[in-house]
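Chemist: whatever this is, show me its structure:
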Amino acid sequence: MQRVALALGLAALIALGPAAAQSPAPVVVELFTSEGCSSCPPADEFLGELAQRSDVLALAFHVDYWDYLGWTDRFASPEFTHRQRRYAKILASPMVYTPQAVIGGVYHAVGSDRDKLERLITTVRDEAKSLAIDLAWTPSGDLESRIPDGDQNVKATVWFVRYDKADSSDVTAGENAGRTLDHTNVVRELKAIGMWMGEAITLMLPAEVSTPE
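Modeler: Residues are numbered from 1 along each chain as shown. Presented below is the predicted three-dimensional model:
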């Protein structure tokens, strides 16, 4: 089953799904992971636990730079690798790695370090300024999103995110050969749909784009 959400900024600083239009907004945790990385399954498992929480939007971005080890991750995308590399520049990380978790777009940590991730989730929740983004399905099935005025002096991209709630793979090669890997909230589509300049805007996504498959 697929789900959709909206995110504001390069980092998913503010995101709400149609069924979760509530305050405060959840803290977004982006896990950069790969089926070709033997260190990633513990982080994937923890992301699955975070995905059960209403105060967290957990998203798995599979990167493609471990495919050369012998297993091609069918969820991986060079677009997600590029996103991680952009984070590395913004967050002054000396390198990209897996499993890497980016929390609220402003902090990063090893994705399997449960204690540190919990601390950073709390930090982002305490520091973040939330916007009450209103999402609603129209009678025709379109998705209407209304972003209000904000006091932040920022310019932000509005992202549409489509993700699978659950997936699994039987890995037959590479570092995880012989394992069945379970995944949660695997991002399948990430699309920029508009810009927010601090003033109230309304965005409309047609039903053929926004309706979960």
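Chemist: and the spatially most central residue of the chain, backbone torsions?
Modeler: Using C-alpha atoms, centre = their mean, the residue of the chain that lies closest to the mean C-alpha position is Leu59, 3.5 Å off. Per-residue torsions, Leu59: phi -130, psi 140 (degrees, to the nearest 10).
Chemist: go on, Asp115?
Modeler: The phi/psi pair for Asp115 (degrees, to the nearest 10) reads phi -60, psi -40.
Chemist: circling back: OK, contacts around the residue nearest to the centre of the chain?
Modeler: By C-beta atoms under 8 Å, 6 or more residues apart in numbering, the residues touching Leu59 are Ala12, Val28, Val29, Glu30, Leu31, Val161, Tyr163, Asn185, Val187. No exception for glycine: its C-beta is placed from N, CA and C like everyone else's.
Chemist: ok, how many other residues are close to the fourth one?
Modeler: Other residues near Glu30 number 28, with proximity taken as other C-beta atoms under 10 Å.
Chemist: Leu181: neighbour count?
Modeler: So Leu181, with other C-beta under 10 Å, has 17 neighbours.
Chemist: what of Lys89?
Modeler: Per other C-beta under 10 Å, the neighbour tally for Lys89 reads 8.
Chemist: roughly how far apart are it and Tyr65?
Modeler: Look at Lys89 and Tyr65: by C-beta to C-beta, to the nearest Å, they are 16 Å apart.
Chemist: likewise Ile103?
Modeler: When distance is defined by C-beta to C-beta, Ile103 is 22 Å away from Tyr65.
Chemist: one more: Arg162?
Modeler: In this view, Arg162 and Tyr65 are 23 Å apart by C-beta to C-beta.
Chemist: before we move on, back to that, who has more neighbours, Ile103 and Tyr65?
Modeler: For the pair Ile103 and Tyr65, the greater number of neighbours falls to Ile103 (25 against 18), based on other C-beta under 10 Å.
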